[in-house]
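Peer 1: Okay, here's the prediction I keep looking at, along with the sequence it came from:
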Amino acid sequence: MIRSSFVGMMTSATAALTALVALIAAPGGTGTASAFYMPGVKPLTFQDGDEVPMKVNAMTSIHTQLPKDYYRLPFCVPEGGPTMASENLGEFLTGNKIQNSPYTINMLKETYCQILCQIKLSKVEARNLRMHIRYGYHNNWIIDNIPSAAIGLTEAGQRQKHYAGGFPVGFVDAGSGDLRDAYVYNHVNINVDYHRPTTGEDGYRVVGFAVEPMSIAHAFLGGYEWDGTSSDGYTKSLATCTAGTHMSRDDINANQIVQENEKIIYTYDVIWNESEVAWSSRWDVYLNEDHLVPAQVHWYSITNSILVVLFLSLLIISILVRNLRRDIAGYNAMAALADEEKDEDIDESGWKLVHADVFRPPQNMTMMYCVFVGSGLQLGVAGFFSIVLSAMGFLNPARRGSLMIATLILYMLCGVVSGYVSSRLYKSFRGRAWQTCTLLTATTFPGVCFGLFVFFNIILAFKHSVGSVPFLDVLIVAAMWCCVSIPLVFLGAYYGYKAESITYPTVTSTIARAIPDPGLLLNPYLAIALAGMVPFAAAYVELFFIMTSLWMDQYYYVFGFTFIVYIILLLTCAEVTVLLCYYQLCAENHRWWWFSFLTSGSTAVYMFLYSIFWFKSLEPSKIFTTYLLYFGYMFLISFGLFLTTGAVGAISCFWFTRKIFGSIKVD
């Protein structure tokens, strides 16, 4: 019975993995985002000469992790001042601040060195601009809902496009020997790709957008001095530009330095290029970074993970199932002997000896155990559906903030799961403070998240960062938690307490059995410390890409691979925990409740340690807030992973223990 159950479980897991890999490897599903992308908005069609609005988003820097308002720096301002574009809650929570811009772009109309404005830098403005350039801030512009790619030069002098993270505000010329000199990119070549619809519809659609920034110390012909306000300056010719010719890096004689009282003239070119890329496929090059990261890297990650799972599955089938079959047969044969034959037989040993204690409630923090298991399953189920929706294309970058909103909504709806599971466990432990248990289930993890979120939000507000969420949106998040999430947890708890109590196959004795010294190899603390290495090893390659997306402003959209790695991670946690739990029971250690949770939950510890080593990849600034934000949010992510993997290990061991003790005859 137990052998067939285990073999069936392993066969189902292997079949599921095979089906998932086949889905990813199917034609059109090579692991790139194009296989899953679904257009998020209705396409806009422009006629010849129509205005194509360009918007600006918040400036970002991977070195500070503090997004800043675009118009915080001395840039040209649109007539009438900047106005906010309509934004959803997810955009606010992710630090987006989209506003209009002063740039005028018309469909198919080429523009040559158009003067935008002139700004004379004050001492404060020069210092502020210089500081943002040194911190590596990037501009993030948007045309027709697609972000700007950056066109730059490689070390070999070749032009290269980078499709994530925008383009830099300026640069520091280290070759000059004076690191204090900063130069601003005051001229941009705006390259827009357009496509003619093949459906017979008249007009053109924007399918690509890239910016080539340049730093040019502009000067007017004839030594004309402009005050920056009179209309005459817009009609004067620049000595640094050639009429009717787009600006090239070869035409630059001197860069625009940033210093006090310096007059900076901002100019731009608009270049239109016809493209064969269809509107529905325009995001593909952004999502796969023009194949900068080959799909083989993700396949290596998947192969590595599947090998780990197959190894553990074979280990469980060959060792655990074989031992269990022998143990169960021996215990049942002994139970069939007569009393006098039992006295002459060998004394019992092994995991059957703890049958009267194995289902004893946890000795320490019984209520928190139920809270953690319920919260972990809530996170696990919400994460599962978020990844599935992303892999299907319903949540994509074309809908900014959609992933954040969907994750919040799914997490709240899954509150029913956490309330139900924690209440059923707590009832089986004969707990009486069910109101306290339910309240802790509804508030422990969300409370930690919301508390840190508000704390970081206050710090970001003092830093004048657009990453600080407006007070009204903070109230909306609080209302969603208090008015939706908490009631759903109580609803699940109501049905959990109303349901039949969980029954156990053995009777728990009044006095707990003493636990013998396990020795070094079976020491539970050593097992807990080392067990998390195996699930972490199964997912660490894909974790690198996820970390890059989170902290380096890169697009991550290979959610098909993420889904497979997620399933593999949970399977690995379950298998490792069941195996180690069996050996603890054989060592007559009946305190397996917290052991099973901490064993698989230790994966989160390795993830947090990995994030410490990975932090240097950001080349972080010396701003304390950067360290606070990074390690604060990585702590939250690791805590969530701890609850999720811990709950999977606990539920797996719970099923395993009930199964094996229900298969033997106990007096």
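Peer 2: Here it is on my side, so go on. Residues are numbered from 1 along each chain as shown.
Peer 1: Show the residue spans covered by the strands in the stretch 51-200 of the chain.
Peer 2: Remark: strands assigned in the stretch 51-200 of the chain by DSSP state E, counting those that start in this stretch are 54-60, 99-100, 111-120, 138-143, 146-147, 149-153, 159-162, 167-168, 170-172, 182-184, 187-195.
Peer 1: and of those strands, who's closest to residue 586?
Peer 2: Evaluated with C-beta to C-beta, those place strand 54-60 nearest to residue 586, the distance being 54.1 Å. Where you see a C-beta, it was placed from the backbone N, CA and C, and this is true even at glycine.
Peer 1: Enumerate the positions of the closest one that are buried.
Peer 2: 54, 55, 56, 57, 58, 59, 60 (16 or more other C-beta atoms under 10 Å).
Peer 1: Now render the residues you listed as CSV, adding distance to residue 67 and pLDDT.
Peer 2: Below are these laid out as CSV (distance: C-beta to C-beta, whole Å; pLDDT from 0 to 100):
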residue, distance to residue 67, pLDDT
54, 19, 94
55, 15, 94
56, 12, 94
57, 9, 92
58, 4, 92
59, 7, 94
60, 5, 93
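Peer 1: Can you tell me which helices and strands the lengthiest helix in the chain packs against?
Peer 2: What stands out as the longest helix in the chain, according to DSSP state H, is helix 624-661. With contacts taken as 3 or more C-beta pairs under 8 Å, 6 or more residues apart in numbering; DSSP states H and E, helix 624-661 sits against helix 2-25, helix 366-392, helix 434-462, helix 559-586, helix 593-601, helix 603-614.
Peer 1: Please identify the deepest-packed of those.
Peer 2: Highest mean neighbour count of the helices and strands packed on helix 624-661: helix 593-601, a mean of 27 (counted as mean count of other C-beta atoms under 10 Å).
Peer 1: So what's the gap between that helix and the chain middle?
Peer 2: The chain centroid and the centroid of helix 593-601 are separated by 25 Å under C-alpha atoms, centre = their mean, to the nearest Å.
Peer 1: outside of it, which residues touch it?
Peer 2: Helix 593-601 has contacts (C-beta atoms under 8 Å, 6 or more residues apart in numbering) with 361-362, 364-365, 369, 372-373, 524, 527-528, 531-532, 535, 573-574, 576-577, 580-581, 584, 589, 642-643, 645-650, 652-654.
Peer 1: Of the helices and strands packed on helix 624-661, which is nearest residue 544?
Peer 2: Across these, residue 544 has its closest neighbour in helix 603-614 (7.6 Å, C-beta to C-beta).
Peer 1: about what we covered before: tell me what angle the longest helix of the chain forms with helix 603-614.
Peer 2: 150 degrees (axes from the mean of the first three to the mean of the last three C-alpha atoms, to 10 degrees).
Peer 1: could you check the angle helix 366-392 makes with helix 624-661?
Peer 2: For helix 624-661 against helix 366-392, the angle by the same axes, to 10 degrees is 110 degrees.
Peer 1: between helix 624-661 and helix 559-586, how big is the angle?
Peer 2: Counting by the same axes, to 10 degrees, helix 624-661 lies at 50 degrees to helix 559-586.
Peer 1: in helix 624-661, what counts as buried?
Peer 2: Within helix 624-661, the residues that qualify as buried are 625-626, 629-630, 632-634, 636-654, 656-658, 660-661, counting by 16+ other C-beta under 10 Å.
Peer 1: just to revisit the earlier point, and the strands of the stretch 51-200 of the chain, which one is worst for confidence?
Peer 2: With a mean of 82, strand 159-162 has the lowest mean pLDDT of these.
Peer 1: Listing request: residues of the stretch 551-667 of the chain with sub-threshold pLDDT.
Peer 2: By pLDDT under 70, the weakly predicted segments of the stretch 551-667 of the chain are 665-667.
Peer 1: Kindly recompute the last result at 50.
Peer 2: Applying pLDDT under 50 to the stretch 551-667 of the chain flags no residue at all.
Peer 1: cool, the stretch 351-500 of the chain as well?
Peer 2: Ranges of the stretch 351-500 of the chain meeting pLDDT under 50: none found.
Peer 1: same deal with the stretch 201-350 of the chain?
Peer 2: 338, 342-347.
Peer 1: ranges for the helices of it?
Peer 2: 284-287, 295-315, 322-335, 339-344 (DSSP state H, counting those that start in this stretch).
Peer 1: Next, count neighbours for the nearest residue to residue 150 once chain neighbours are set aside.
Peer 2: Spatial nearest neighbour of residue 150, excluding adjacent residues (C-beta to C-beta, 6 or more residues apart in numbering): residue 167 at 3.7 Å. The tally of other residues near residue 167 (other C-beta atoms under 10 Å) stands at 20.
Peer 1: thought residue 167 was touching residue 148?
Peer 2: Yes. Between residue 167 and residue 148 there is a contact under C-beta atoms under 8 Å: 6.5 Å.
Peer 1: which residues do the two both contact?
Peer 2: 139, 211.
Peer 1: How far does stretch 82-99 sit from its chain's centre?
Peer 2: 20 Å.
Peer 1: go on, stretch 185-204?
Peer 2: Centre-to-centre, stretch 185-204 and its host chain are 32 Å apart (C-alpha atoms, centre = their mean).
Peer 1: cool, and stretch 621-638?
Peer 2: 15 Å.
Peer 1: and what of stretch 150-166?
Peer 2: What separates the centre of stretch 150-166 from the centre of its chain is 26 Å, taken as C-alpha atoms, centre = their mean.
Peer 1: hmm, who's touching that stretch?
Peer 2: So stretch 150-166 is contacted by 57, 59-60, 62, 138-141, 147-149, 167-168, 189, 191, 210-213, 249, 285-286, 289-290, 552-555 (C-beta under 8 Å, 6+ apart).
Peer 1: Over to that stretch now: how far is its first residue from its last?
Peer 2: With C-alpha to C-alpha, to the nearest Å applied, stretch 150-166 spans 6 Å between its terminal residues.
Peer 1: do stretch 599-608 as well
Peer 2: Note: stretch 599-608 ends 16 Å apart using C-alpha to C-alpha.
Peer 1: Stretch 612-623 too?
Peer 2: With C-alpha to C-alpha applied, stretch 612-623 spans 17 Å between its terminal residues.
Peer 1: In it, which residues are buried?
Peer 2: For stretch 612-623, by 16+ other C-beta under 10 Å, it's 614, 615, 618, 620, 621.
Peer 1: Can you name the residues that contact the last one?
Peer 2: Spelled out, that is residue 621. Counting by C-beta under 8 Å, 6+ apart, residue 621 touches 61, 63, 64, 135.
Peer 1: Could you check the pLDDT of the last one?
Peer 2: The predicted structure scores residue 135 at 93 on the pLDDT scale.
Peer 1: ok, now which ones touch it?
Peer 2: Going by C-beta under 8 Å, 6+ apart, residue 135 touches 61, 63, 64, 621.
Peer 1: again, 10 Å this time
Peer 2: 59, 61, 62, 63, 64, 66, 68, 169, 621, 623, 626 (C-beta atoms under 10 Å, 6 or more residues apart in numbering).
Peer 1: Just send those residues back as a markdown table, with distance to residue 461 too.
Peer 2: Below are the contacts of residue 135 laid out as a markdown table (distance: C-beta to C-beta, whole Å):
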| residue | distance to residue 461 |
| --- | --- |
| 59 | 17 |
| 61 | 18 |
| 62 | 21 |
| 63 | 21 |
| 64 | 16 |
| 66 | 11 |
| 68 | 13 |
| 169 | 23 |
| 621 | 19 |
| 623 | 15 |
| 626 | 16 |
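Peer 1: Just the helices from the stretch 401-550 of the chain, written as ranges.
Peer 2: 402-413, 415-428, 434-462, 471-480, 486-498, 524-531, 533-551.
Peer 1: which helices and strands sit right next to the second one?
Peer 2: This means helix 415-428. If contacts are counted by 3 or more C-beta pairs under 10 Å, 6 or more residues apart in numbering; DSSP states H and E, helix 415-428 sits against helix 366-392, helix 434-462, helix 486-498, helix 624-661.
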